[in-house]
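Asker: Show me how the following folds:
(2 chains)
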Protein chains: 2
Amino acid sequence: MNTKLDSNRRRFLVTSAGGAAAVGLGSLAPAALAQGKPLPPVAAWKDADRLIVHSASGVETKRGAFGDGVITDNEVLFLRNNIAAPSASIVDNADAWRVEVDGVTSPRAITVGELKTMGLETVAMVLQCSGNGRGFFGHKASGSQWKVGAAGCSFWTGVPVKAVVDALGGVRQGMRYMTGTGGETIPAGIDPKSVMVERSVPWNAMDRAILAWELNGDALPLAHGGPLRLVIPGYYGVNNIKYIKRLAFTVDETQAKIQTSGYRVRGIGVKGQPNQPSMWDMNLKSFVTGPAGDGPVRAGLVQVNGVAFSGESAVKAVEVSLDGGSTWRPANFAGPILGPYAWRRFVLPIRLSAGNYAITSRAIAYDGSVQPENRVENERGYSHNGWRDHTVKVAVA
Amino acid sequence: MNTKLDSNRRRFLVTSAGGAAAVGLGSLAPAALAQGKPLPPVAAWKDADRLIVHSASGVETKRGAFGDGVITDNEVLFLRNNIAAPSASIVDNADAWRVEVDGVTSPRAITVGELKTMGLETVAMVLQCSGNGRGFFGHKASGSQWKVGAAGCSFWTGVPVKAVVDALGGVRQGMRYMTGTGGETIPAGIDPKSVMVERSVPWNAMDRAILAWELNGDALPLAHGGPLRLVIPGYYGVNNIKYIKRLAFTVDETQAKIQTSGYRVRGIGVKGQPNQPSMWDMNLKSFVTGPAGDGPVRAGLVQVNGVAFSGESAVKAVEVSLDGGSTWRPANFAGPILGPYAWRRFVLPIRLSAGNYAITSRAIAYDGSVQPENRVENERGYSHNGWRDHTVKVAVA
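Answerer: Next up, the predicted model:
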């Protein structure tokens, strides 16, 4: 949220320059891009000062802009679109949006208005792009060069998928996947499968999934998938289908390219194939957000802090290193536990004398697993949770 | 958060009309007020469509604008100022703001920058104006005629007061109150005590108090007390001192009028006196937010929902009545527990046929207390938690 009057003015001007009608991915003028990449029109309401704009389809939260609390404000939450968002008109009459539910005993289309009568749940969860940390890989992996900020922890409110499925008589026998289809407009003249946003996840992920219409107390913005998004706590961002128009329980995975060869973990130089691991559940990760390495730090008492999260077994403890991983100290947690899919804020108060520090963190889960030192090399630069690359270099004077 | 381009434009125009320099309480032109009361300049960034503007110092969240989740977004959180906010320049260099800490072994002034090294905590809490519900009283109690929306649940992040006090050697012997002083500018030529915002609470409230610089993941806006606010979970809003410049442990309560005769509960027609109960901790309360009574409801399945909270013993259960309190049904809770000072979202799915309904709720606390039916009549219309007045009349067709 941006409270400064002059910032409001600035954003107004940016919006005017960008043009409300030009919402496609290629809508940013090269001149504007050269001047530091303005926010894409769909996200013109975000707080530019706290964000890194990679492209019109990729906006990252700065490491030092997460604040000291436990949730990520909508105005700084990262943005990533595979293809352009639909017209903003779909959020103006959000309750009329329809999602087709299939692969259940009594399949039918349901409006958001009706979904709002079928159950209510709020979950705090980390939404994270599969490629968060790609910018640390050494082989120039294709895609946005995210560092730490393609992730955020927010409250998502909607109806449990389970409640909807129960109301439609349950999942049909033999279904193995839950497949969501996004409401993006497919450009004419190309094979829809080559660009459509359709993802399949193991069907029992429905036990934790929500069809969400609200983000942190606000109507879900178009930029984040409004009027309705499928959210699957613990799963990477791509599985959380925006503007969902179809939710189907299926025998097989979708044949969309984004599933068959996209978002597959494989060695460098290897092509994507359906038999490679899919980017489903997230791994154990933490990173320091303060100090953020974006300015000098004064000698004396410093509060090293950051966030820790996991897709599966919840975070039990976090350790911090000031010397690039040679020695480790236990950190404390600050703030309430928001559930297993949220992140936790860790903090280590420490007296630092002048010098150079390499500050990083590693998370430990309840199942005993420990955040690893190094990334696992892979073609697309996915799922980076190695603590070494996430180290912040801090000069204390 | 307002994601619509035209709304951004509208807000820009409002800001221009209001004038960035005119931040005093009397800055709204009568003509503008007649046209539906624009947001005061200090809160020009809020979402006007979801708010009721009572005056330049009082802005309420609409009953139907709280959303279905568990927290209140900054852009819809209510606003109440006793005197005009200081210059916006104080939040531009937030870390330089100083608070004097007194009544401790080693009293001294501390900057926000230093406070950020002294400890870290986040608390989810309901902030509520003492007069929330005043609009339901029958005797035209003086003050903003709030209905339900002078309350909101948010995350406040800062340093525990206890950590600061410990660092200064502890509270001096014999102190009975924690007294906070706001940083507002006192107009010249009047007795400061007559207008200054200085409040005393029992000293042990420090065990839960925070000196906060962040609200829901954003730097604390000026409108809500930035750069630094004393927050005391469970206590009415007035005790949560904005732009705090002095925090003192004292033998006696402050002699400021806002303490000696203001915010005292007394019978109608009785003048305020120091021996009457002070507006400190909040009572047990709930209200329905959906349906909000702001439009027709279609017959069929309806999800009655709302919020329940308390200053002391946490909420254990909520019951809903559809017939103005003749019969009651248990509601469920939706979403995570955010701690004892947060509110909980309750929900009752129910099939409603055509007709008129009087929908209300009552909360039950862990200590066995039950939200009462009726308000306690009092001169200033404080602490209304009677469920009868909070009833929503809903026409189902």
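Asker: Stretch A:181-200: end-to-end distance?
Answerer: 9 Å (CA to CA, to the nearest Å).
Asker: got the buried residues for that stretch?
Answerer: Using 16 or more other CB atoms under 10 Å in any protein chain shown as the burial criterion, the residues of stretch A:181-200 that qualify are A:Thr181, A:Gly182, A:Gly183, A:Glu184, A:Met196, A:Val197, A:Glu198, A:Arg199, A:Ser200. Just so you know, the C-beta spots here come from the backbone N, C-alpha and C atoms, and that holds for glycine as well.
Asker: do the same with stretch A:132-143
Answerer: For stretch A:132-143, burial by neighbour count (16+ other CB under 10 Å) applies to A:Asn132, A:Gly133, A:Arg134, A:Gly135, A:Phe136, A:Phe137, A:Ala141, A:Gly143.
Asker: Around A:Met175, count how many other residues there are.
Answerer: 17 (other CB atoms under 10 Å in any protein chain shown).
Asker: Enumerate every residue touching it.
Answerer: Listed by CB atoms under 8 Å, 6 or more residues apart in numbering or on different chains, the contact partners of A:Met175 are A:Gly103, A:Trp203, A:Phe249, A:Thr250, A:Val251.
Asker: Give me the distance from stretch A:388-397 to the chain's centre.
Answerer: Here stretch A:388-397 shows a centroid-to-chain-centroid distance of 24 Å under the convention CA atoms, centre = their mean, to the nearest Å.
Asker: swap that for stretch A:336-350, please
Answerer: Worked out by CA atoms, centre = their mean, stretch A:336-350 lies 18 Å from the chain centre.
Asker: Name the nearest residue to whichever residue of the stretch 101-250 of chain A sits closest to chain B, sequence neighbours excluded.
Answerer: Proximity of the stretch 101-250 of chain A to chain B (CB to the nearest CB) peaks at A:Thr122, 3.2 Å away. Among residues not flanking A:Thr122 along the chain, B:Gly335 sits closest, at 3.2 Å (CB to CB, 6 or more residues apart in numbering or on different chains).
Asker: Make sure the one you found is actually in contact with A:Thr157.
Answerer: Yes - when contacts are counted by CB atoms under 8 Å, B:Gly335 is listed as touching A:Thr157 (7.2 Å).
Asker: Find the residues that touch each one of those two.
Answerer: With CB under 8 Å, 6+ apart, B:Gly335 and A:Thr157 have common neighbours A:Glu121, A:Thr122, B:Gly69, B:Val70.
Asker: what are the C-alpha coordinates of the helix or strand where the second one lies, in PDB please?
Answerer: Looking back up the chat, that one is A:Thr122. Assigned by DSSP states H and E, A:Thr122 falls within strand A:121-128. Taking Å, rounded to 0.1, in the frame of the first residue of the first chain, the C-alpha atoms of strand A:121-128 are listed here in PDB:
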ATOM      1  CA  GLU A 121     -12.000 -21.200   4.400                       C
ATOM      2  CA  THR A 122      -8.900 -19.000   4.700                       C
ATOM      3  CA  VAL A 123      -5.400 -20.400   4.400                       C
ATOM      4  CA  ALA A 124      -2.100 -18.600   4.900                       C
ATOM      5  CA  MET A 125       0.300 -19.900   2.300                       C
ATOM      6  CA  VAL A 126       3.500 -19.100   0.500                       C
ATOM      7  CA  LEU A 127       3.000 -18.600  -3.200                       C
ATOM      8  CA  GLN A 128       6.400 -19.100  -5.000                       C
END
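Asker: contact partners of that strand?
Answerer: A:71, A:77-78, A:150-160, A:208, A:210, A:231, A:233-234, A:236-237, A:240, A:282, A:309, A:338-339, A:341-343, B:68-70, B:334-336, B:345.
Asker: Let's see which of those end up in strands.
Answerer: Judged by DSSP state E, strands contain the following of those: A:151-160, A:210, A:231, A:309, B:334, B:345.
Asker: just to revisit the earlier point, residue contacts, the residue nearest to A:Thr122?
Answerer: Here B:Gly335 is in contact with A:Glu121, A:Thr122, A:Val123, A:Phe155, A:Thr157, B:Gly69, B:Val70, B:Arg344, B:Arg345 (CB under 8 Å, 6+ apart).
Asker: can you do 7 Å?
Answerer: Under the criterion of CB atoms under 7 Å, 6 or more residues apart in numbering or on different chains, the contact list for B:Gly335 reads A:Glu121, A:Thr122, B:Gly69, B:Val70, B:Arg345.
Asker: mind putting the residues you listed in JSON lines, neighbour count and distance to B:Ala56 included?
Answerer: JSON lines is the format used below for the contacts of B:Gly335 (neighbours: other CB atoms under 10 Å in any protein chain shown; distance: CB to CB, whole Å):
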{"residue": "A:Glu121", "neighbour count": "23", "distance to B:Ala56": "39"}
{"residue": "A:Thr122", "neighbour count": "24", "distance to B:Ala56": "34"}
{"residue": "B:Gly69", "neighbour count": "28", "distance to B:Ala56": "29"}
{"residue": "B:Val70", "neighbour count": "26", "distance to B:Ala56": "30"}
{"residue": "B:Arg345", "neighbour count": "28", "distance to B:Ala56": "31"}
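Asker: still on that earlier bit, would you quantify the distance from the residue nearest to A:Thr122 to B:Asp218?
Answerer: Separation of B:Gly335 from B:Asp218 (CB to CB, to the nearest Å): 21 Å.
Asker: How about A:Ile232?
Answerer: Noted for A:Ile232: a distance of 27 Å to B:Asp218, by CB to CB.
Asker: Many thanks, we can stop here.
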